[in-house]
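K.L.:
Provide a 3D model corresponding to the input given below.
(one chain, ligands or ions: 1)
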Amino acid sequence: MLSKSNRYVKEANLIGGQWVAADSGQTFEVNNPASGQIIGTVPFCSKAETRRAIEAASAAFESFKNTTANERAGILRRMHDVMMDNQDALAELLTLEMGKPLAEAKGEIGIGAQYLLWFAEEARRVYGDLVPSPWGDRRIMVRKEPVGVIAAITPWNFPSSMLARKIGPAIAAGCTSVIKPAEQTPYSGLAWGLIADEAGLPEGAMNIITGGASEIGKELCANPQVRKITFTGSTEVGKILMKQAANTVKKVSMELGGNAPFLVFNSADIDKAVEGAIAAKYRNSGQTCVCTNRFYVQSKIYNQFTDRLAEAAENLKVGPGMETGTQQGPLIDDAAIDKVEELVADAIKKGGEVVAGGARHSLGGTFFQPTVIKNAKPKMRFSKEEIFGPVSPVYKFTKEEDAIARANDTIYGLACYFYTQDLGQAFRVMEGLKYGLVGVNEGVITTPEAPFGGMKESGVGTEGGRHGIDEYLDTKYVCIGGLGL
Ligand code: ADP
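P.N.:
Sure thing, here's the model as predicted:
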């Protein structure tokens, strides 16, 4: 159950500085995936509330756009402090609604706060240009301006930090926002309204709506006052939003699905590769868009690596996120575990050999055993589909060029990883992989300082890094003539 003493529990929506219920009074239930129990209810809002939220954001933008970069940096720094001062309460909320181990939830709050600090710093570096003019009596100035109202739609797997990556640059740039968190994890999203308020963000500058995804999404995309859609979620929904946003030609940033390959070459340091593999695969129970989906291991070390991975996977402690020592929590819901089960059954039918796990966990509910499948083949479904669960298919390869080709044989291009100690090979493989994020001898690489974004159907635009704020800025060219020079 949610603790009533946790002051970040909010069961209302935020519109124009007011915490409100849905017009209809309707609510929806939120479950704890570890127990299946209902932890509370939040408003089920729709089009009309969304429109009011956009109007509030639009009204707030008129003054927020005139704040100084220092003022906005100050708000972001205070938001960072509020998060870190309340890291335990926010992490508890996150684990209760999402299921991840408490230590990972604390880590998520911490990294979200780091994104805020990064963008607090970047707010003060939104430079324009004075361009050498081809005319004697005119001058060319280029300035950056906030795009206006932005809409952020986020998933359940990182319900807090995915918003940090959008709210941070939005506030830094001077934009106001309407946020729609995922239906499975609305509490961590609603908590952002309290964090922002404590830090002194003006009323209306952040609005948060929970409820019917497609109705809310349609209004956010159709409303001409929204100038940018930033989305993290499935490629399928991303495509819908891009199509819908086309009618009003909005800017879009899309962080979509992945099918991350993890290549291990004969020269790799096996200890490090196994350690990286566990982190890149089983973190968040395999439910991240950068989690390894396919392992490709060179023939000489294939058995050794697979055996070691299986042993390490079997040693992971599965349990409720709130229990001390838990390394892998439950999956988010029944649909998620059904899909994982189907993919494992498909692999077994097509000749896959289960060398670790392979079935639902004895804890019941949506707990699944950390699983490793040997003799993975291209015809198995997980070669093309995102698993989003704790299953490692291990494929064998002989030649480097084949491994690169197979790794690239997907519509996705988000994260990839490889392990080698051969420097020439490291460069050849890095240059050959068509992915937006590459971990060389590293399994976890996300950090606010670096740009995060996918190629191909994994997305458009980047979050974080020095380019992250550009997505929230328009470029204005000003030609100043008649200077009589
Ligand atoms: P996942 O498969 O990880 O749940 P989704 O892409 O379905 O990913 O969901 C990510 C976010 O997109 C959630 O906030 C969800 O409510 C929202 N969403 C789902 N369908 C739509 C839609 N048609 N329009 C707008 N948002 C949507």
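K.L.:
give the contact list for whichever residue of the stretch 201-350 of the chain sits closest to the ligand.
P.N.:
Closest contact between the stretch 201-350 of the chain and the ligand, by Cβ to the nearest ligand atom, is at residue 217 (2.3 Å). Where you see a C-beta, it was placed from the backbone N, CA and C, and this is true even at glycine. Residues counted as contacts of residue 217 (Cβ atoms under 8 Å, 6 or more residues apart in numbering) are 153, 180, 237, 240, 241, 244.
K.L.:
How about the third one: what's its closest non-neighbour residue?
P.N.:
What that stands for is residue 237. Distance criterion Cβ to Cβ, 6 or more residues apart in numbering; nearest residue to residue 237, sequence neighbours excluded, is residue 231 at 7.3 Å.
K.L.:
Which helix or strand contains that neighbour?
P.N.:
Using DSSP states H and E, residue 231 sits in strand 226-232.
K.L.:
now swap in residue 242 and tell me
P.N.:
Secondary-structure element containing residue 242, defined by DSSP H and E: helix 235-246.
K.L.:
and that helix, what does it pack onto?
P.N.:
helix 213-222, strand 226-232, strand 251-255 (3 or more Cβ pairs under 8 Å, 6 or more residues apart in numbering; DSSP states H and E).
K.L.:
Check the average confidence over it, would you?
P.N.:
Averaged across helix 235-246, the pLDDT comes to 98.
K.L.:
ok so, going back, mind putting the helices and strands packed on helix 235-246 into JSON lines with distance to residue 362?
P.N.:
Shown next, in JSON lines, are the helices and strands packed on helix 235-246 (distance: least, Cβ to Cβ, whole Å):
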{"stretch": "helix 213-222", "distance to residue 362": "34"}
{"stretch": "strand 226-232", "distance to residue 362": "33"}
{"stretch": "strand 251-255", "distance to residue 362": "35"}
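K.L.:
residue boundaries of the helices in the stretch 251-400 of the chain?
P.N.:
Here the stretch 251-400 of the chain has its helices, by DSSP state H, counting those that start in this stretch, at 270-282, 302-314, 334-349, 400-408.
K.L.:
Out of those helices, which gets nearest to residue 424?
P.N.:
helix 400-408 (10.3 Å; Cβ to Cβ).
K.L.:
got the contact list for that closest one?
P.N.:
Residues contacting helix 400-408 (Cβ under 8 Å, 6+ apart): 261, 263, 265, 294, 296, 298, 378, 395, 397, 416, 425, 428-429, 432-434.
K.L.:
quick one, longest helix in this protein?
P.N.:
helix 102-123 (DSSP state H).
K.L.:
what element comes up after it heading to the C-terminus?
P.N.:
Once the chain leaves helix 102-123, the next helix or strand it forms, by DSSP H and E, is strand 129-131.
K.L.:
and that following strand, which strands flank it?
P.N.:
strand 139-146 (antiparallel) (DSSP bridges).
K.L.:
Run the angle between the strand it pairs with and strand 226-232 for me.
P.N.:
Interaxial angle of strand 139-146 relative to strand 226-232 (axes from the mean of the first three to the mean of the last three Cα atoms, to 10 degrees): 60 degrees.
K.L.:
List the buried residues for strand 139-146?
P.N.:
144, 146 (16 or more other Cβ atoms under 10 Å).
K.L.:
Now do it: distance to the chain's middle.
P.N.:
31 Å (Cα atoms, centre = their mean, to the nearest Å).
K.L.:
got the contact list for the helix or strand just after it?
P.N.:
Once the chain leaves strand 139-146, the next helix or strand it forms, by DSSP H and E, is strand 149-153. With contacts defined as Cβ under 8 Å, 6+ apart, strand 149-153 is touched by 54, 57-58, 61, 163, 166-167, 170, 175-180, 213, 217, 220-221, 225-233, 241, 472.
K.L.:
again, only using 7 Å
P.N.:
Strand 149-153 is contacted by residues 54, 57-58, 61, 163, 166, 170, 175-180, 217, 220, 225-231, 233, 472 when judged by Cβ atoms under 7 Å, 6 or more residues apart in numbering.
K.L.:
can you check stretch 411-419 too?
P.N.:
Against stretch 411-419 from outside (Cβ under 7 Å, 6+ apart): 257-265, 268-269, 272-273, 276, 280, 289-290, 292, 407, 429, 433-441, 443, 454-458.
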